[in-house]
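Student: Need coordinates for the following:
(one chain, ligands or ions: 1)
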Amino acid sequence: MDAPAWSRAAFEAQLRERGKSYHIHHPFNVMLNTGKATPEQIRGWVANRFYYQIAIPVKDAAVLSNCPDREVRRGWVQRILDHDGAGEDPGGIEAWIRLGVATGLAREEVTDLRHVLPAIRFAVDAYVNFARRAPWQEAVCSSLTELFAPEIHKQRLAGWPEHYPWIESAGLQYFRNRVSQARRDVEQGLALTLDHFATRAQQERALDILQFKLDILWAMNDALAQHYGVRT
Ligand SMILES: O=C(O)c1cc(C(=O)O)c2c(n1)C(=O)C(=O)c1cc(C(=O)O)[nH]c1-2
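Tutor: Numbering: from 1, shown residues only. Predicted structure coming up:
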């Protein structure tokens, strides 16, 4: 007989358990957040991560395009506004460009993608393509690495001003905004995932999807480490 489904709480605990392979533990990220990175390594990270930032709202538009549920779309659309901006709010992509400028990059150097490594493109494009092709509930599930994101943003906010005083504090606004935005995103994404993946086989599928996304973030850090090096 098939294994019984986990309870909601047990399923959530299994998802959270996967945080042990979050990129917060990658040597390149550990270097960044413990103050060992050179200005060049920080600029390289920011310029490459920009490719992820601009992909996120495209990914979220793919989720919307596959989702026939109006209530879900009403919640999900906020993610696009967060990154692209709306009205007076210039949005997260602009905040990321300002982070780049605060680290010493020229705006065009960030926006024209000249520093983006081939492996970063492949990894990020895999995420967008997954969201385009998968059922929308699976794409929602793949966003759940955000369960672990508030901690990594908080680490940067706690450490960077001391480690990298040459980066103007206003440049860190992206991280300040994301702490609460990620918590709200996760509330929605987690509730949808816990509702949808109900059988044990589906729950295991959800864990595989989360692992796929964790691997994308890990692979991005591998590419950065290979190109920019890791100082320990
Ligand atoms: O800086 C990070 O380490 C990090 C990680 C992640 C993530 O876990 O996917 C996101 C973000 N930041 C982020 O800023 C963000 O807006 C975001 C959206 C998503 C997503 O999958 O929809 N992940 C992330």
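
Student: List the contacts of whichever residue of the chain sits closest to the ligand.
Tutor: Using CB to the nearest ligand atom, T145 is the residue of the chain that sits closest to the ligand, at 3.3 Å. Using the backbone N, CA and C atoms, a C-beta is placed for each residue, glycine as well. By CB atoms under 8 Å, 6 or more residues apart in numbering, the residues touching T145 are Y22, L210, K213, L214, L217.

Student: Equivalent analysis for K154, please.
Tutor: With CB under 8 Å, 6+ apart, K154 has these contacts: F175, V179.

Student: my hunch is that it is in a strand, does that hold up?
Tutor: No. Counting by DSSP: H, G, I helix; E, B strand; the rest coil, one finds K154 to be helix, located in no strand.

Student: so which of the contacts of T145 are also by the ligand?
Tutor: Restricting these to those near the ligand by CB under 6 Å from any ligand atom leaves L217.

Student: Does stretch 54-68 reach the ligand?
Tutor: Yes. Stretch 54-68 lies within reach of the ligand by CB under 6 Å from any ligand atom, at I56.

Student: List the contacts of that stretch.
Tutor: 73, 76-77, 79-80, 83-84, 92-93, 124-125, 127-128, 131-132, 134-136, 139-140.

Student: Dump that stretch to CSV, keeping only the CA atoms.
Tutor: In CSV, the C-alpha atoms belonging to stretch 54-68 read as follows (Å, rounded to 0.1, in the frame of the first residue of the first chain):
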residue,chain,number,x,y,z
ILE,A,54,14.8,40.7,-13.4
ALA,A,55,13.7,37.1,-14.0
ILE,A,56,11.4,37.0,-10.8
PRO,A,57,8.5,39.1,-12.1
VAL,A,58,8.7,37.2,-15.5
LYS,A,59,8.5,34.0,-13.5
ASP,A,60,5.5,35.4,-11.5
ALA,A,61,3.8,36.4,-14.7
ALA,A,62,4.2,32.8,-15.9
VAL,A,63,2.5,31.6,-12.8
LEU,A,64,-0.4,34.1,-13.4
SER,A,65,-0.7,33.0,-17.0
ASN,A,66,-1.2,29.4,-16.0
CYS,A,67,-3.5,30.1,-13.1
PRO,A,68,-7.3,30.1,-13.7
